[in-house]
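Participant: Following is a predicted model, sequence given first.
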Amino acid sequence: MTDAERLRAHALALGFDAVAIAPVAPLAAQAHYERWLAQGRHGDMAWLASPQHRARRADVALLLPGVRSVVCVALHHPPDRDAARDARLGRIARYAAGEDYHRILDERLGVLERWIEAELGARALAYADTGALLERAWAERAGLGWTGKHAGLISRERGSWFLLGEVLVDRELPGVPAVGATGAAPAASAAPGQHCGTCTRCIDFCPTQAIVAPFEVDARRCISYLTIEHEGAIPRALRPLIGDWVFGCDVCQDVCPWNRFAIASRESRLHARGLDGWSLSRFLSLDDAAFERLFASSPIRRAGRAGFLRNVCVALGNRADRSAAHALATALRADRAPLVREHAAWALGEIAAAARGLPRTDALLALDSAVDALQCAARDDANMEVREASRVALQRIR
């Protein structure tokens, strides 16, 4: 066996679902990335536009001097949803429903990195969605798939429900076709969108129209960005479009025809946590310490307590569930984060608007405490945005 074949066999034995190797040379995707930044489509993610970050994406030798190859791996995550769990907790992107994938990839990639150094005598450096790498472009060059019109990687053999990781190596490792754990050889590297044909389902079904053109995603409208990376208030016009997504979004992948070939995950740690006893309304009771305990090993921790509860409020408002009015009113009165209070006020206004036309007694019973909380907040809250959100909500009720 060649060194490249030995490496691939070892990576598959570690539990990765596909392995491929790309030679190092400039990527055409770099120009696309620079245009994306110039258009401001990265939103608040200012680090993406920093000179250091851009330089490293353009030249991986700044990460590992002398790098000659990029080993690209794929790890499936579960392709199915649990409707009962979604009804109780709101919708969480599939990749984030279990243990933090960074931990899982880091562990396996670390083992692979050490094996390369010990067995091949090469220097290696592993990344699990943590470095300044154009990882989908490297995976595409290696042959793991192609860039779809939603800007994600798609494979003819496995759809798009998989995670990517990379190991930079300072040796050439030629002569090994990309092969998955099943023994199937993925398609050769393709031009972006080559196998999407005329399909535009991902564009047509995006709730917020964040896919502004094929391969062009405006993060500022993307539900995943708004519920994870965005730190401030979600724009009012976009809130109704978010539905009950509380962390991330899967819509563009849900509707992709290639996901009929999705393969079940073999990694139990990526399967959804039950979070038994928890619900959207109960999430609003989380203080800082309880949030950290509940999501200590979850990707949800990245959103932070205030960001996550902001998302919960939006989901409850869009569901217009009158049974959540008390929990939202309590959050409006007492939550220490203005971001949470503002979105709780908005949600109460949405619930009240949906209650129009119902028997008066039912609507009043559900919203009595909400009206009182909104009146107090509109008058007394220390935060201007919370006061304004409460006034707007009261107008909807009246």
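Facilitator: Everything's here; your move.

Participant: Backbone torsions only: list them for the closest residue to Gln52 other than its chain neighbours.
Facilitator: Nearest non-adjacent residue to Gln52, counting by C-beta to C-beta, 6 or more residues apart in numbering: Ala132, 7.6 Å away. For glycine as for every other residue, the C-beta is placed from the backbone atoms N, C-alpha and C. Per-residue torsions, Ala132: phi -80, psi 70 (degrees, to the nearest 10).

Participant: Please list all residues in contact with Ala132.
Facilitator: Shown in contact with Ala132 (C-beta atoms under 8 Å, 6 or more residues apart in numbering): Gln52, His53, Arg54, Arg56, Arg57, Leu63.

Participant: right, and Gly349 touches Arg398 too?
Facilitator: No - with contact defined as C-beta atoms under 8 Å, Gly349 does not count as touching Arg398 (10.6 Å).

Participant: Turn the contacts of Ala132 into JSON lines, columns for secondary structure, distance to Leu12 and neighbour count.
Facilitator: Below are the contacts of Ala132 laid out as JSON lines (DSSP: H, G, I helix; E, B strand; the rest coil; distance: C-beta to C-beta, whole Å; neighbours: other C-beta atoms under 10 Å):
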{"residue": "Gln52", "secondary structure": "helix", "distance to Leu12": "34", "neighbour count": "10"}
{"residue": "His53", "secondary structure": "helix", "distance to Leu12": "32", "neighbour count": "16"}
{"residue": "Arg54", "secondary structure": "helix", "distance to Leu12": "34", "neighbour count": "16"}
{"residue": "Arg56", "secondary structure": "helix", "distance to Leu12": "29", "neighbour count": "17"}
{"residue": "Arg57", "secondary structure": "helix", "distance to Leu12": "28", "neighbour count": "22"}
{"residue": "Leu63", "secondary structure": "coil", "distance to Leu12": "25", "neighbour count": "16"}
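
Participant: what's the spacing between the residue nearest to Gln52 and Gln39?
Facilitator: 19 Å (C-beta to C-beta, to the nearest Å).

Participant: Starting from the host helix or strand of Ala306, tell me the next helix or strand along the chain.
Facilitator: Here Ala306, judged by DSSP states H and E, is contained in helix 304-319. Per DSSP H and E, the first helix or strand lying C-terminal to helix 304-319 is helix 325-334.

Participant: buried ones in that following helix?
Facilitator: Ala325, His326, Ala327, Leu328, Ala329, Thr330, Ala331, Leu332, Arg333 (16 or more other C-beta atoms under 10 Å).

Participant: Of the residues you listed, just say which sits nearest to Gly304.
Facilitator: Ala331 (15.6 Å; C-beta to C-beta).

Participant: Can you pull up the most central residue in this protein?
Facilitator: Gly248 (4.2 Å; C-alpha atoms, centre = their mean).

Participant: can you tell me which residues contact it?
Facilitator: Counted by C-beta under 8 Å, 6+ apart, Gly248 has contacts Ile92, Ala93, Tyr95, Ala96, Ile223, Ser224, Thr227, Ile228.

Participant: One more pass at 6 Å, please.
Facilitator: By C-beta atoms under 6 Å, 6 or more residues apart in numbering, the contact set of Gly248 is Ala93, Ala96, Ser224.

Participant: I'd say the last one and Asp250 touch.
Facilitator: No - under the contact definition of C-beta atoms under 6 Å, Ser224 does not touch Asp250, with a separation of 8.9 Å.

Participant: So what touches stretch 222-235?
Facilitator: So stretch 222-235 is contacted by 43-45, 208, 210, 219, 242, 245, 247-249, 303, 311, 342 (C-beta under 6 Å, 6+ apart).

Participant: meant to ask about stretch 344-358, not that
Facilitator: Taking C-beta under 6 Å, 6+ apart as the rule, stretch 344-358 contacts 313, 316-317, 320, 322, 325, 328, 331-332, 363, 367, 370, 389-390, 393, 396-397.

Participant: likewise stretch 105-119?
Facilitator: His10, Ala11, Leu14, Ala122, Ala124, Ala126, Ala128, Gly165, Val167, Val169.

Participant: which residue ranges form the strands in this structure?
Facilitator: For the chain, the strands defined by DSSP state E occupy 18-23, 69-76, 91-92, 124-127, 146-147, 153-154, 162-169, 179-180, 211-213, 216-217, 245-247.

Participant: From His150, how far off is the residue nearest to Lys149 when sequence neighbours are not counted?
Facilitator: With sequence-adjacent residues excluded and distances taken as C-beta to C-beta, 6+ apart, Lys149 is closest to Pro214, at 4.2 Å. From Pro214 over to His150 the distance is 9 Å, taken as C-beta to C-beta.

Participant: More neighbours: which of those two?
Facilitator: His150 (27 against 16; other C-beta atoms under 10 Å).

Participant: and that one, backbone torsions?
Facilitator: phi -90, psi 10.

Participant: so it touches Ile203, yeah?
Facilitator: No - using C-beta under 6 Å as the test, His150 is too far from Ile203 to be in contact (7.5 Å).

Participant: what's the burial count for Pro65?
Facilitator: 9.

Participant: Test for you: state the pLDDT assigned to the residue nearest to it when sequence neighbours are not counted.
Facilitator: Counting by C-beta to C-beta, 6+ apart, Pro65 lies nearest to Asp170, which is 7.5 Å off, once chain neighbours are set aside. pLDDT, Asp170: 97.

Participant: Tell me, how many residues neighbour Asp170?
Facilitator: Neighbours around Asp170, by other C-beta under 10 Å: 18.

Participant: and if you look at Ile104?
Facilitator: Using other C-beta under 10 Å, Ile104 has 20 neighbouring residues.

Participant: How about Asp287?
Facilitator: Here the number of neighbours of Asp287 (other C-beta under 10 Å) works out to 10.
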